[in-house]
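Asker: 3D model of this:
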Amino acid sequence: MRARRNLTRADRLGSIAGGIALLLWALRKPSWGRAAGAGVGGWLLYQAYTGDNPIFRPLGIRVNPQPAQAELAETLVVEEAITISRPRSEVYAFWRRPENLPGFAGCTVEVLREEQEETLAWRALREGRLLHFGSLALRDAPGRRGTMVAARLEYAPSGGSLGTALAHIMGRSPQRLVAENLRRGRQLLETGVVSTTEGQPAGGR
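Answerer: You can find the predicted model right below:
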């Protein structure tokens, strides 16, 4: 079974250029060191061919080469889900307000499609440029114990897959933004407040 793509076109082109350069360098004056370089070059070419870097797999990075919004040539995909112990009508009304939808700072959010208490789709623009688009699907939880919310967001990768991986490590990735948005929504809907540790004393070490 072929792995999901987690490298953008820019990443793959960079791997091709790097792989060819290493192979040419190794062929000019063969040695054990250059043979190792040739091995790295071959690995770069292979990952460019497959579109998959195994190092990125644990981070859940996934590329969509044919996004629904034609303004973006390709996107990175974020999918998160959460269950909220509130009726679907309340959950839908909360996220129907554009300011509650997952988004980047300074964006203008446009609701594209809505099906009452079932689906919301939106896109976010900055100065007329599309930054991301997404959707929320709402379903009753088993036993009607609340509402299941599944979020999907697709965005233009500014730094390619590598930039996304670095953002993951530094805690500033869109994946974290979506997950935190869902958790914040659950806390507000279930308790009316968002819990925070800011200003609280640190525990003993």
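Asker: For residue 49, give me phi and psi.
Answerer: When quoted as degrees, to the nearest 10, the phi and psi of residue 49 stand at phi -70, psi -40.
Asker: which stretches of the protein form strands?
Answerer: In the chain, the strands defined using DSSP state E lie at 63-64, 75-84, 108-115, 119-126, 129-140, 147-155.
Asker: Tell me which of these sits nearest to residue 51.
Answerer: strand 63-64 (7.0 Å; CB to CB). (Glycine included, C-beta is placed from N, CA and C.)
Asker: before we move on, back to that, need the strands of the chain in TSV (columns: distance to residue 9, mean pLDDT and mean neighbour count).
Answerer: Shown next, in TSV, are the strands of the chain (distance: least, CB to CB, whole Å; pLDDT from 0 to 100; neighbours: other CB atoms under 10 Å):
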stretch	distance to residue 9	mean pLDDT	mean neighbour count
strand 63-64	9	88	20
strand 75-84	11	92	19
strand 108-115	26	90	13
strand 119-126	22	92	18
strand 129-140	18	92	18
strand 147-155	15	94	21
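Asker: Mind putting the ones you listed into CSV with distance to residue 15?
Answerer: Shown next, in CSV, are these (distance: least, CB to CB, whole Å):
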stretch, distance to residue 15
strand 63-64, 14
strand 75-84, 17
strand 108-115, 35
strand 119-126, 30
strand 129-140, 25
strand 147-155, 22
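Asker: count of residues packed around the spatially closest residue to residue 44 that is not a sequence neighbour?
Answerer: Setting aside the residues directly before and after it, residue 44 is nearest to residue 19 in space (CB to CB, 6 or more residues apart in numbering), at 3.5 Å. Counted with other CB atoms under 10 Å, residues neighbouring residue 19 total 21.
Asker: Hmm, residue 45 and residue 19 touching each other?
Answerer: Yes: when contacts are counted by CB atoms under 8 Å, residue 19 is listed as touching residue 45 (3.8 Å).
Asker: now the residue nearest to residue 44: how far from residue 57?
Answerer: 20 Å (CB to CB, to the nearest Å).
Asker: again with residue 16
Answerer: Distance, residue 16 to residue 57, by CB to CB: 21 Å.
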